[in-house]
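*Asks:* Prediction below, plus the sequence it came from.
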Amino acid sequence: MTHLSSFSHASLTRRLGALFYDFLLIISIEIMAAGIIVAVISALNTMELLSYDKYRDAAGLLSEHPLLSQLFTFYLAIIWIYFFVFFWTQAGQTLGMRAWKLHIRNAKNGNPITVTQALIRLSTSLFGLANLTILFNSQKQPCHDIWSKTKIVVLNDNSV
């Protein structure tokens, strides 16, 4: 990849557009992941290997059981985190970023970002709301990019 200074900064509109695309994708992935767990629990109940007890169905068990609800939430959170960390570190962009021609790189040297940088960026992004800090930064960098030492650039047709 050529030097990062040869690329333009990603605007707030592009960032939010990519975030919206990724939101739709993550919701569909989470629905499928939840459906798999509900199907497994329903099958175990049908085979009488698991009982719903006082819960009306598999969804009730997963949302109301003191331990299972916590494990289920953790499972869905891990899938959500893995989505971003995998795409940012392996491809430098999520599918939403690809649609909006955005790419994430290490701000210092232009290399792909590390897992640590991805986790810092994700944990400080406030579910994407931190992108709004771009409006208050003279360098057009949101706080989560500054803290993770990453940079989002707009790709032109000849790059990457």
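*Replies:* It's in.
*Asks:* ranges for the strands of the protein?
*Replies:* Counting by DSSP state E, one finds strands in the chain at the ranges 8-9, 102-106, 150-154.
*Asks:* Out of the ones you listed, name the one with the poorest average pLDDT.
*Replies:* Out of those, strand 8-9 stands lowest, with a mean of 84 (criterion: mean pLDDT).
*Asks:* who does that one touch, helix- and strand-wise?
*Replies:* With contacts defined as 3 or more Cβ pairs under 8 Å, 6 or more residues apart in numbering; DSSP states H and E, the packing partners of strand 8-9 are strand 150-154. The C-beta positions use only the backbone N, C-alpha and C, and glycine is treated the same way.
*Asks:* mind listing what the strand it packs on pairs with, with the direction of each?
*Replies:* Strand 150-154 sits in its sheet next to strand 8-9 (antiparallel), strand 102-106 (antiparallel), going by DSSP bridges.
*Asks:* can you list contacts of the longest one?
*Replies:* For strand 102-106, contacts defined as Cβ atoms under 8 Å, 6 or more residues apart in numbering pick out 1, 4, 7, 10, 14-15, 18, 88, 92-93, 97, 111-114, 117, 149-155, 159-160.
*Asks:* Just the buried residues of those.
*Replies:* Applying a neighbour-count criterion of 16 or more other Cβ atoms under 10 Å, the buried members of the contacts of strand 102-106 are 7, 10, 14-15, 18, 88, 92-93, 97, 112-114, 117, 149-153, 155.
*Asks:* Least confident secondary structure element in the protein?
*Replies:* Using mean pLDDT, DSSP states H and E, the weakest-scoring helix or strand in the chain turns out to be strand 8-9, at a mean of 84.
*Asks:* what about the helices in the protein?
*Replies:* When assigned using DSSP state H, the helices of the chain occupy the ranges 12-46, 58-64, 68-90, 95-99, 115-123, 143-148.
*Asks:* Now do the contacts for the residue nearest to the spatial centre of the chain.
*Replies:* In the chain, the residue lying closest to the centroid (Cα atoms, centre = their mean) is residue 84, at 3.7 Å. By Cβ under 8 Å, 6+ apart, the residues touching residue 84 are 22, 94, 118, 122.
*Asks:* mind checking pLDDT for the third one?
*Replies:* What it means is residue 118. Per-residue confidence for residue 118 comes out at a pLDDT of 98.
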